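In: Below are the sequence and a predicted model for it; my questions follow.
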Amino acid sequence: MPQPTLLYVHDPMCSWCWGFRPTLTRLLEDLPPELGFRRLLGGLAPDTDQPMPEALREQLQQTWRRIEERIPGTRFNHAFWTSCLPRRATWPACRAVIAARSFDAALEDPMILAIQRAYYLDARNPSDDDTLVALAGELGLPEAPFGERLRAVETQRQLETEIETARRLGVSGYPALILQTGEFSFWPIGVAYTDPDEMRQNIEMLLEPESR
């Protein structure tokens, strides 16, 4: 039987994932050490060179404001919407996470955080490869090889594999948590944006042998 594993389906440019980050960190600190943890990229929006429509820009700005109200302490730099040319394209950022992971698995989460800070706090555009390569350099990765890995066919294939895995698990929105307790046993865990204890208790209950 495979090791029980908590799957986290996300997108580095998902604003709700940014708001959830501190609570997820607290949850992971309190989980049983025998429980594995794995991230899956959901791939929120495919590649496009087209500017984001004005209606969608306004919708996302409203989402940012709603998250600030619902999740205390979450910050957004709203200057992004005037200082950058937004595009509805998150796949480049997803590929950057895969590329960083391929250089060093320990850099997966630092790259996610770097993208989130660039997007939400520093008004830098992670839909642009130049931004992503610069972030990799700031993490100590070699920029030219990283850029090649970012654009590699294999990187896109890995992204497509993770997107398909998330769909097979029934995930349609992010962030999402799925507890895998057996080869074919998957349990959705409701995301509590400000309460890690609620999620931890649900996970621990499902890990009890009599619950399976």
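Out: Arrived safely. Numbering: from 1, shown residues only.

In: Distance check, Pro22 against Pro126.
Out: Per Cβ to Cβ, to the nearest Å, Pro22 is found 20 Å from Pro126. Quick note: C-beta positions are derived from backbone N, CA and C, even for glycine.

In: Between those two, point out the one with more neighbours.
Out: More neighbours surround Pro126 than the other of Pro22 and Pro126, with 24 against 16 (other Cβ atoms under 10 Å).

In: Which residue comes closest to that one once chain neighbours are left out?
Out: Ala93 (4.3 Å; Cβ to Cβ, 6 or more residues apart in numbering).

In: Surely the one you found touches Gln116?
Out: No - with contact defined as Cβ atoms under 8 Å, Ala93 does not reach Gln116; the gap is 9.2 Å.

In: Overlap of the contact sets of the two?
Out: Pro12 (Cβ atoms under 8 Å, 6 or more residues apart in numbering).

In: Those two: who's more crowded?
Out: More crowded of Ala93 and Gln116, by other Cβ under 10 Å: Ala93, with 30 against 20.

In: mind checking pLDDT for the more buried one?
Out: Reported pLDDT at Ala93 in the predicted model: 98.

In: Could you find the closest non-adjacent residue to Val97?
Out: With Cβ to Cβ, 6+ apart as the measure, Met111 is the residue that lies nearest to Val97, at 5.3 Å, once sequence neighbours are left out.

In: wait, isn't the one you found in contact with Val133?
Out: No - counting by Cβ under 8 Å, Met111 stays clear of Val133, with 11.6 Å between them.

In: So for these two, which residue has more residues nearby?
Out: Neighbours per residue, other Cβ under 10 Å: of Met111 and Val133, the larger number sits with Met111, 26 against 21.

In: mind listing what the more buried one touches?
Out: Contacts of Met111 (Cβ under 8 Å, 6+ apart): 12, 96-97, 100-101, 135-136, 139.

In: I appreciate the help and will end here.
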